[in-house]
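Engineer: sequence first, predicted coordinates after that:
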Amino acid sequence: MSGKAEKLTLEHMLALNAAVCGLEFCACAGFTYVPPLLLKAGFNETYMTMIMSVGPVLGFFIVPVLGTASDNCTSRYGRRRPFMLALALIQAVSLILIAFADDLCWAPTSFCGAAVLTAGIVMLDFSGQACFSPYEALLADMSAKSNQQERMFTIYSLMLGFGGCFGYLLAAIDWTKSSFQPFSLSSQEKSVFTILLVLFLVMLTLTFAVSRDPVTPSPKPSLSASSSSNDLLRSVVAYGNGNAPPSPTTTPNGFPAPAKPGLISAMKPYNGNMVIFGKPPPTLRPGRPTVRRCFVVLWYYVLSYLPLCFQQLFYLPAVLSRLFYAYFFAWMALLSYNLFFTEFVGEGLSHGHPDAAEGTALRIQYDDGVRLGSVGLLLHCLTSAIFSAFFESTVRSYGTRNVYMFGAITFTLSMAVTVYVDNVTVVMTMSAITGFFYATLMTIPFTLVTDYHEKPEIFFFDNVGPRRGIGSDLAALNSIYFLAQSALSAVMGWLVEVTGSVWTYISCAAVFGFLSIAFSRHIVFNVADLISMKNQQKPMLPVV
C-alpha cells in the first residue's frame, strides 16, 4: 500500500449503506407483523416466542462460521459479497413466504398456512440479522485504509434509523383504505411485504454496484515462535503455579493442533497432551477428583473438539469479553421493547385481543393498537436517525463512554416510566427517547471492534491462539444479538402467561436495562481504560 488511501465521499458511504437501510426496514416492518400474525394463526404466546427463537438459535451457530469463512474467502467476487448475496436471497424468499403463506399452501388447511408462515418467519429472523455480519465487515474493510471507521459506522447507524422510520411508517399505514387501493393487494400484510421486497432488492443492487470488496483474503492466522512464548508466559502468570505448560503443537498452516486424549485421561491431572490455542487446561491440584474439577476438565475436553470459530467465542481477549457482556444485556433490554412493543400497545394500552373475531370491537382495538405501536417505533427510529446525524460531534464533545452511558440510562428510565404510567402520550414519548440507545448500540460497539483490530498488539495483549479476523469478531458480535434474542424468546412467552399481563415485556426491558448499565461501566473505550483493566484483571482460567 503506497501513500495515503483515498477518502470515501459522503455519497459513496450512503450508497454502501443502502442495503443496510433496506435490511432494516424489512426487519422493522416485518417484525411489527410477526407477533400478530402468529397469534392470528392460532399460536399462543408460548409457541409464538418459541418460533421466534428458532432463527436466532440458527444464527448463533451459523454466523460465526460465516464470519470466519468470509475472512478467508478467495472468491473472485470478493470476501464479503458472496455471503451478502446468499443471505439476501434467503431474506427475499422469507418475505414472499410470509406475504403469500396461504396462497403457497399445497393443501387448503390452516395447518399448511401456519407451517409456511412459520418457515418464512424463521428465515426472516435468521437472515435479517445474519445479513448484517458481512455488510459490517465490508464497511470495516473499506473504511479502515482511510481511517474513516467512525464516520462509516455513524452513517451506518443513520441509515438504520431511516430504514426503521420507513419500515414502521409502512406498517402504520392502513393499506386497505380506498385512497391506497392502487398500491394494495388483498390484505394489509401482502401489500406491506410486497413493497418491502421490491425496495430491498433495489437497495441491494445499489450497494453491490458501488462496493469494492477486496479479493485477497486476510492473512492466515499463525502462531510465531515469539507469540507462542508470550502466550505460554501469560499462561504461567494466569495459572499462578510457576510451572510452564509444554510448547503447543502446530499444523503446517500455523494453527494449534490439539491432541484429543481419551475422556478418562482427560479427567486426570494434566498430562501435557490436550491443548487449545496453545494453552493447556487448568492445572489441577493433587487430591481426590471433585464434581467441579470433573466438569472443568470435561468442558475443556469438549471445547477442544469445536471448530476454531467457536473456540474463539469462549476464549476472548478481555476487551472483547467485557464488550460482549454489555452488548448482550443491552440487546436483551432493547429486544424486550422492540420485538413486543406492538403487542404491548395492542393488548395493554388499546385493550384489544388478537383472538377476537374479525370486525368485533376487541379485534378493531387490537389492530388499531398494533398500528399505534408502529407509530411509537417510528418515533424511536426517527430519534435514532436524528441523533446519528450529530453523533460524531457529540462523541467529540462528550466522549465515547459518556455518550454510550447516556443512551443506556435514558433507555432504562424511559422503560421504567412506561411501566408506571398508563397513558398513550407518555408511552409514545418514552418510545421516542429509546432511540438514543439504539443509535449508540448500532455505532459504538462496531467502532470499538474496528479500533481494537487497528492496534491488536495493544488491545489483544492477552489473546491466546491464532490472530483474530475482524470478520470473525463482527460475526461474534452479531452472535451475541442472536443469543440475546434466543434467550428472550425462550422465556418471554412463558413469563407473560404466568403473569397474565403484556406489561411484563416492558418490565423486563427495564430490568435488563439496569443490567446493561452495570456491565457497560467495564467496557474498554480507550487505552486509559485498558491500563485500568490490566491493573485490576483476574485470571480467566483459575487453578481448580
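Structural biologist: Yep, that arrived. Numbers count the residues shown, from 1 in each chain.

Engineer: burial of Gln536, as a residue count?
Structural biologist: Neighbourhood size, Gln536 [other Cβ atoms under 10 Å]: 7. Where C-beta positions appear, they are placed from N, C-alpha and C, glycine not excepted.

Engineer: how much space is there between it and Ile523?
Structural biologist: 14 Å (Cβ to Cβ, to the nearest Å).

Engineer: shared neighbours of the two, anything?
Structural biologist: Taking Cβ atoms under 8 Å, 6 or more residues apart in numbering as the criterion, Gln536 and Ile523 do not both touch any residue.

Engineer: which stretches of this structure form strands?
Structural biologist: For the chain, applying DSSP state E gives no strands.

Engineer: isn't Phe100 right up against Glu189?
Structural biologist: No: with contact defined as Cβ atoms under 8 Å, Phe100 does not reach Glu189; the gap is 9.3 Å.

Engineer: find the residue ranges of this protein scoring beneath the pLDDT cut-off.
Structural biologist: Applying pLDDT under 70 to the chain picks out residues 1-5, 106-110, 176-186, 213-314, 464-466, 537-544.

Engineer: how far away is Gly120 from Ser489?
Structural biologist: 17 Å.

Engineer: wait, I meant Leu124
Structural biologist: Separation of Leu124 from Ser489 (Cβ to Cβ): 14 Å.

Engineer: what of Tyr404?
Structural biologist: 26 Å.

Engineer: what's the answer for Thr68, then?
Structural biologist: Going from Thr68 to Ser489 by Cβ to Cβ gives 26 Å.

Engineer: quick one: contacts for the closest residue to Glu136 other than its chain neighbours?
Structural biologist: Spatially, and ignoring its direct neighbours in sequence, Glu136 is nearest to Leu474 (4.8 Å; Cβ to Cβ, 6 or more residues apart in numbering). Leu474 sits next to Gly67, Ser133, Glu136, Ala137, Ala140, Phe446, Val449 when contact means Cβ under 8 Å, 6+ apart.

Engineer: count of neighbours near Ile458?
Structural biologist: 12.

Engineer: brain fart, Lys190
Structural biologist: Counted with other Cβ under 10 Å, Lys190 comes out at 18.

Engineer: which one is it nearest to, not counting chain neighbours?
Structural biologist: Nearest one to Lys190, counting by Cβ to Cβ, 6+ apart, is Ala99 at 4.9 Å.

Engineer: show me what contacts the one you found?
Structural biologist: Under the criterion of Cβ under 8 Å, 6+ apart, the neighbours of Ala99 are Glu189, Lys190, Val192, Phe193, Thr194, Leu197.

Engineer: roughly how far apart are it and His522?
Structural biologist: According to Cβ to Cβ, Ala99 stands 44 Å off from His522.

Engineer: go on, Leu95?
Structural biologist: Leu95 is 40 Å from His522, by Cβ to Cβ.

Engineer: more neighbours, the two?
Structural biologist: Per other Cβ under 10 Å, whichever of Leu95 and His522 has more neighbours is Leu95, with 26 against 16.

Engineer: how about the contacts made by that one?
Structural biologist: Going by Cβ under 8 Å, 6+ apart, Leu95 touches Cys26, Gly30, Gly120, Leu124, Phe193, Leu196, Leu197, Phe200.

Engineer: Leu196 versus that one, what's the distance?
Structural biologist: Counting by Cβ to Cβ, the gap from Leu95 to Leu196 is 6 Å.

Engineer: find residues that contact each of these two.
Structural biologist: Cys26, Gly30.

Engineer: which of the contacts of Leu95 fall in helices?
Structural biologist: Cys26, Gly30, Gly120, Leu124, Phe193, Leu196, Leu197, Phe200 (DSSP state H).

Engineer: follow-up on the earlier one: make JSON lines out of the contacts of Ala99 and add distance to Tyr77.
Structural biologist: As requested, the contacts of Ala99 are exported to JSON lines (distance: Cβ to Cβ, whole Å):
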{"residue": "Glu189", "distance to Tyr77": "35"}
{"residue": "Lys190", "distance to Tyr77": "34"}
{"residue": "Val192", "distance to Tyr77": "32"}
{"residue": "Phe193", "distance to Tyr77": "29"}
{"residue": "Thr194", "distance to Tyr77": "29"}
{"residue": "Leu197", "distance to Tyr77": "23"}
